[in-house]
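Enquirer: What follows is a predicted structure for the sequence shown.
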Amino acid sequence: DTGVSQDPRHKITKRGQNVTFRCDPISEHNRLYWYRQTLGQGPEFLTYFQNEAQLEKSRLLSDRFSAERPKGSFSTLEIQRTEQGDSAMYLCASSPSTGVLGGANVLTFGAGSRLTVL
Amino acid sequence: AQSVTQPDIHITVSEGASLELRCNYSYGATPYLFWYVQSPGQGLQLLLKYFSGDTLVQGIKGFEAEFKRSQSSFNLRKPSVHWSDAAEYFCAVGAPGGGKLIFGQGTELSVKP
């Protein structure tokens, strides 16, 4: 078990460019979550999937943000027409959907993808 | 609305001293409660969790937390802090059965030698 993997770890882009982040969850986990974390703040929920179905989206997830999990395994988070306010750490987490008491609630996080928009 | 408040943005303690980090939550029912720790450049690591039962829960690295329903609190404690405990600590709540966690803004812990 290699844990939750995120790629790239760091991305520097110019305002207006599109960026895509990838997340590979723990293989036996069928739930996958995306969070955004800015400096000095806690992680803010963006969206989550169970298998390939996107079950919840935050209103923080503007039209410029799109997340997919086409085969229920890895997921991508794309930000179109980036703005300086998009600069943040984007965290991915995974969890099982069933199992022992509370198992579905225990999120395992990746190391994150840091985005800097110039 | 569901929310988590961590009143202390930054705490400094001396190595070997005891530690208590505060967490208060607002939730419609009894939520599941969590503490995570984040070291610089790292993802979040689960320290401990509360689902039900005994209100004092033990976690990794010598941490414990106590759930107090009457105070809507879930404070994190450690009897003797080590320099390696310096990190950011996040309290979180979630609905039983899974789904998103809602995090507090975090408490940064510094440890003096």
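Expert: Structure's in. What do you need?

Enquirer: Does A:Gly3 touch A:Thr108 like I think?
Expert: Yes - contact status for A:Gly3 versus A:Thr108: in contact at 6.7 Å, counting by C-beta atoms under 8 Å. The C-beta positions use only the backbone N, C-alpha and C, and glycine is treated the same way.

Enquirer: Now the common contact residues for the two.
Expert: Jointly contacting A:Gly3 and A:Thr108 under the rule C-beta atoms under 8 Å, 6 or more residues apart in numbering or on different chains are A:Ile26.

Enquirer: these two touch, right, B:Ser18 and B:Arg77?
Expert: Yes - using C-beta under 8 Å, B:Ser18 is in contact with B:Arg77, at 7.2 Å.

Enquirer: More neighbours: which of the two?
Expert: Neighbour comparison, B:Ser18 and B:Arg77: the larger count goes to B:Arg77, with 14 against 11 (by other C-beta atoms under 10 Å in any protein chain shown).

Enquirer: Find the helix or strand that the more buried one is a member of.
Expert: For B:Arg77, the host element (DSSP states H and E) is strand B:73-78.

Enquirer: Against A:Glu68, how distant is the residue of chain B found nearest chain A?
Expert: As assessed by C-beta to the nearest C-beta, chain A sits closest to B:Gly98 within chain B, at 3.0 Å. Remark: distance between B:Gly98 and A:Glu68 (C-beta to C-beta, to the nearest Å) = 21 Å.

Enquirer: cool, and A:Gly16?
Expert: With C-beta to C-beta as the criterion, A:Gly16 and A:Glu68 are 22 Å apart.

Enquirer: Of those two, which one has the most company?
Expert: A:Glu68 (14 against 10).

Enquirer: So that one sits against A:Ser75, correct?
Expert: Yes - judged on C-beta under 8 Å, A:Glu68 makes contact with A:Ser75 at a distance of 6.5 Å.

Enquirer: what's the burial count for B:Leu76?
Expert: Other residues within reach of B:Leu76, judged by other C-beta under 10 Å, total 23.

Enquirer: same deal with A:His10?
Expert: A:His10: 10 neighbours (other C-beta under 10 Å).

Enquirer: Could you look up the SS state of the nearest residue to it once chain neighbours are set aside?
Expert: Leaving aside its chain neighbours, A:His10 sits nearest to A:Arg114 (5.0 Å; criterion: C-beta to C-beta, 6 or more residues apart in numbering or on different chains). Using DSSP: H, G, I helix; E, B strand; the rest coil, the structure places A:Arg114 in strand.

Enquirer: Which residues are in contact with A:Arg114?
Expert: Contacts for A:Arg114 were tallied using C-beta under 8 Å, 6+ apart; they are A:9-11, A:88-90.
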